[in-house]
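Chemist: sequence unknown, structure follows:
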């Protein structure tokens, strides 16, 4: 196989593994099930991955990117109010949850599976460290767009925000109550707005 061909097969196996895990669960995503889903010979798996654990690591990394905490939506214009920026960002995040519920459900199963497997717990820790970092970056972007500062230390606010959004997401995946989910999301948005103040440095530049 050429290097490009190996890279393509690796991508096919990662995506096939995600489909198998969504359909059948992480525990049933055997090597044979994954290669069968990808339409590849068993030897292709061993050419691309040293072990099933390495495949799981690649799957978790792929899912981490797709299921990240909210990115600030481009629709929130620079200089918009804190309320507009925060709600735009959170609503954009929530739409991603609603569009790909099965993939988000898989993120929780992967976390639990990794924590219970010898040698894989570090993957779960990296997964949530990544989510926390993306949440922090999103809060920083919101502050820049709205010209505000957070009155709560950013590491604390990021961890709090991840806990809120993670809990709201899991609860919605269980009951699919859109009305209550959006009401709770709006309540979180109101909280975020309540812990802002105008950016003193930006105000001084404007004078």
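Modeler: Received, thanks. Predicted model, so just to flag it, every value in this text is computed and none were measured.
Chemist: ranges for the helices of the chain?
Modeler: Using DSSP state H, the helices of the chain run over 3-24, 31-38, 42-48, 52-66, 82-99, 101-116, 121-146, 154-175, 178-194, 200-206.
Chemist: Enumerate the positions of the fifth one that are buried.
Modeler: I take that to be helix 82-99. By neighbour count on 16 or more other CB atoms under 10 Å, the buried set for helix 82-99 is 82, 84-94, 97. Every residue, glycine included, has its C-beta placed from N, CA and C.
Chemist: What of the second one?
Modeler: With burial defined by 16+ other CB under 10 Å, the residues of helix 31-38 counted as buried are 31, 33, 34, 35, 37, 38.
Chemist: got JSON lines for those, with distance to residue 152 and pLDDT too?
Modeler: Output for the buried residues of helix 31-38, formatted as JSON lines (distance: CB to CB, whole Å; pLDDT from 0 to 100):
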{"residue": "31", "distance to residue 152": "46", "pLDDT": "93"}
{"residue": "33", "distance to residue 152": "46", "pLDDT": "95"}
{"residue": "34", "distance to residue 152": "43", "pLDDT": "96"}
{"residue": "35", "distance to residue 152": "48", "pLDDT": "95"}
{"residue": "37", "distance to residue 152": "45", "pLDDT": "96"}
{"residue": "38", "distance to residue 152": "46", "pLDDT": "94"}
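Chemist: what about the protein, any weak spots by pLDDT?
Modeler: Within the chain, the segments meeting pLDDT under 70 span 1-4, 67-79, 200-207.
Chemist: and with 50 instead?
Modeler: Along the chain, the model assigns pLDDT under 50 to residues 1-2, 75, 204-207.
Chemist: on that earlier part again, could you dump the buried residues of helix 82-99 into JSON lines with distance to residue 165 added?
Modeler: Output for the buried residues of helix 82-99, formatted as JSON lines (distance: CB to CB, whole Å):
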{"residue": "82", "distance to residue 165": "18"}
{"residue": "84", "distance to residue 165": "19"}
{"residue": "85", "distance to residue 165": "16"}
{"residue": "86", "distance to residue 165": "13"}
{"residue": "87", "distance to residue 165": "14"}
{"residue": "88", "distance to residue 165": "15"}
{"residue": "89", "distance to residue 165": "11"}
{"residue": "90", "distance to residue 165": "8"}
{"residue": "91", "distance to residue 165": "12"}
{"residue": "92", "distance to residue 165": "12"}
{"residue": "93", "distance to residue 165": "7"}
{"residue": "94", "distance to residue 165": "9"}
{"residue": "97", "distance to residue 165": "9"}
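Chemist: Closest one to residue 107 out of these, please.
Modeler: Nearest to residue 107, judged by CB to CB, of the buried residues of helix 82-99 is residue 97 at 10.6 Å.
Chemist: is it true that the closest one touches residue 104?
Modeler: Yes - in this structure, residue 97 is within contact of residue 104 by CB atoms under 8 Å, at 5.7 Å.
Chemist: Name the residues contacting each of these two.
Modeler: In terms of CB atoms under 8 Å, 6 or more residues apart in numbering, residue 97 and residue 104 are both contacted by the residues residue 169.
Chemist: From the rest of the structure, what touches stretch 25-41?
Modeler: Here stretch 25-41 makes contact (CB under 8 Å, 6+ apart) with 9, 12-13, 15-17, 19-21, 24, 42, 44-45, 52, 55-56, 106, 109-110, 113.
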